[in-house]
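In: Just the structure for this:
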Amino acid sequence: MHNEKNVAEAIWNTCFDIKDKTKDNVKARQDIELLCDRPSLHLYKRNGKWQRPRAPYCIDKDDKIKILNWFQELKFPDGVRSEKYESKRAGLATTNSGVCVTCTDDNGNALEYFGVIEDIIKISWEGREQLDLVLFYCRWFDPTSRGVKRTENLGLVEVKHSSRLQNFEPFVLASQVTQVYYLSYASDDPSLKDWWVVYHVAPRDRLPPIDINNDSIETEGPTNDISFFQEDGLEGTFVIDLGDIELIDTLASDEITDPKELEQLEKQTVAPEQEEILESDEEGDEDDAESYDEDCYEEEDF
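Out: Here you go, the predicted structure:
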């Protein structure tokens, strides 16, 4: 968990080029010059001042605004609700209508149907024991390659939310579905506009089943979900204020002004110059020695 957080923060700070937090510093650029064939990222001097070329992975001002606005509009699941219920209540901070049903065909191949709950229907039978049946009325997306894309090496699943299942089969038992969360892209690319990324969500009061590998101790009986206690909500809020974030225009290069980085550059610049002076001195000494030997030979010949 902490490693994921650290990596995510490093990527965010570097792509947003946040001062004093980015990993794209002088040391990194010197490593690029030493180890990589990317001359466009090498440090250079202009008018006596060190310059750091702007890297292509640094986000420009317009894209920063798009990404931050996308973060402001994010809604995360915290239960199960219908789309009909959510549409009547403006300003909800969560979305809980995404579902997935997994089935198998005649050949044993698994097929996933992704959809959205449009309405929730509860049927009750009164008697000696109260019996309840909960049905979800869903709008299903096309489960074929026209409506679902998979990138197996990344574990990425995308659904085309404008596609529809051709057959009219809207009803499903609540016990048959798993909850999913659909995430849009923070991009204006027309090719991504109709696609959502699918993220499977664990139920709020259940832990996922524990995977047992060959190295672990085998236990008898089935492995069930583990129940645990979770608060209904988390304290605090998540707010992004665009006014508090420095949005720098994209430039060809940035001037290096940090005193420590400038000192490091000057030290590494002086060292090669000193080596050149020493080499030139050694070459001069060798020339003097050769001329001295020639003079000695001439005196002996005389």
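
In: buried set for stretch 12-31?
Out: The neighbour-count check on stretch 12-31 (16 or more other CB atoms under 10 Å) flags 13-17, 22, 24-26, 29 as buried. Yep, even glycine has a C-beta here, placed from its N, CA and C like the rest.

In: got the CA positions of that stretch in CSV?
Out: Output of stretch 12-31 as CSV, limited to C-alpha atoms (Å, rounded to 0.1, in the frame of the first residue of the first chain):
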residue,chain,number,x,y,z
TRP,A,12,2.1,12.7,-10.2
ASN,A,13,4.8,15.2,-9.0
THR,A,14,7.0,14.4,-12.0
CYS,A,15,4.3,14.7,-14.7
PHE,A,16,2.9,17.9,-13.1
ASP,A,17,6.5,19.2,-12.7
ILE,A,18,5.9,20.2,-9.1
LYS,A,19,8.8,22.2,-7.7
ASP,A,20,11.0,20.5,-5.1
LYS,A,21,9.0,17.2,-5.5
THR,A,22,9.5,16.2,-9.1
LYS,A,23,11.9,13.3,-9.8
ASP,A,24,13.0,15.0,-13.0
ASN,A,25,15.9,16.8,-11.3
VAL,A,26,19.5,17.5,-12.3
LYS,A,27,20.8,14.2,-11.1
ALA,A,28,18.2,12.4,-13.2
ARG,A,29,19.1,14.4,-16.3
GLN,A,30,22.8,13.6,-15.7
ASP,A,31,21.9,9.9,-15.5
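
In: So residue 162 versus residue 130, what's the distance?
Out: Counting by CB to CB, to the nearest Å, the gap from residue 162 to residue 130 is 41 Å.

In: Tell me which of these two has more neighbours.
Out: Using other CB atoms under 10 Å, the more surrounded residue of residue 162 and residue 130 is residue 162, with 11 against 8.

In: Give the closest residue to that one in space, chain neighbours not counted.
Out: residue 194 (4.7 Å; CB to CB, 6 or more residues apart in numbering).

In: who's in contact with the one you found?
Out: Shown in contact with residue 194 (CB atoms under 8 Å, 6 or more residues apart in numbering): 160-162.

In: Make CSV out of those and add distance to residue 73.
Out: Putting the contacts of residue 194 into CSV (distance: CB to CB, whole Å) gives the following:
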residue, distance to residue 73
160, 20
161, 16
162, 19
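
In: What values do phi and psi take at residue 4?
Out: Here is the backbone geometry of residue 4 (degrees, to the nearest 10): phi -60, psi -40.

In: I misspoke; the intended subject was residue 15.
Out: Per-residue torsions, residue 15: phi -70, psi -30 (degrees, to the nearest 10).

In: and residue 200, how many neighbours does it have?
Out: Residues within reach of residue 200, counting by other CB under 10 Å, total 13.

In: Can you name the residues bridging to it?
Out: residue 180 (DSSP bridges).

In: wait, isn't it in contact with residue 178?
Out: Yes - the pair residue 200 and residue 178 passes the contact test of CB atoms under 8 Å, sitting 6.5 Å apart.

In: and for the two, which residues touch both?
Out: Common neighbours of residue 200 and residue 178 (CB under 8 Å, 6+ apart) are residue 100.

In: how is this structure carved up into domains?
Out: The chain breaks down into these domains under automatic domain parsing: 1-62+241-262, 79-232.

In: By average pLDDT, which secondary structure element in this protein comes out worst?
Out: Every helix and strand in the chain was compared by mean pLDDT, DSSP states H and E; the lowest is strand 226-227, with a mean of 44.

In: Can you tell me the closest non-neighbouring residue to residue 101?
Out: residue 113 (4.6 Å).

In: actually residue 131, sorry about that
Out: Of all residues not flanking residue 131 in the chain, residue 125 sits nearest, at 4.1 Å (CB to CB, 6+ apart).

In: try residue 85
Out: residue 120 (7.7 Å).

In: Secondary structure element for that neighbour, which one?
Out: Assigned by DSSP states H and E, residue 120 belongs to strand 110-125.

In: Mind giving me the packing neighbours of the very next helix or strand once past that strand?
Out: Per DSSP H and E, strand 110-125 leads on to strand 131-140 as the next helix or strand towards the C-terminus. In terms of contacts (3 or more CB pairs under 8 Å, 6 or more residues apart in numbering; DSSP states H and E), strand 131-140 is packed against strand 110-125, strand 171-173.

In: Swap in 10 Å and give it another go.
Out: Judged by 3 or more CB pairs under 10 Å, 6 or more residues apart in numbering; DSSP states H and E, strand 131-140 is in contact with helix 83-87, strand 98-104, strand 110-125, strand 171-173.

In: between these, which one is nearest to residue 3?
Out: If you check each of the helices and strands packed on strand 131-140 against residue 3 by CB to CB, strand 98-104 wins as the nearest, at 28.2 Å.
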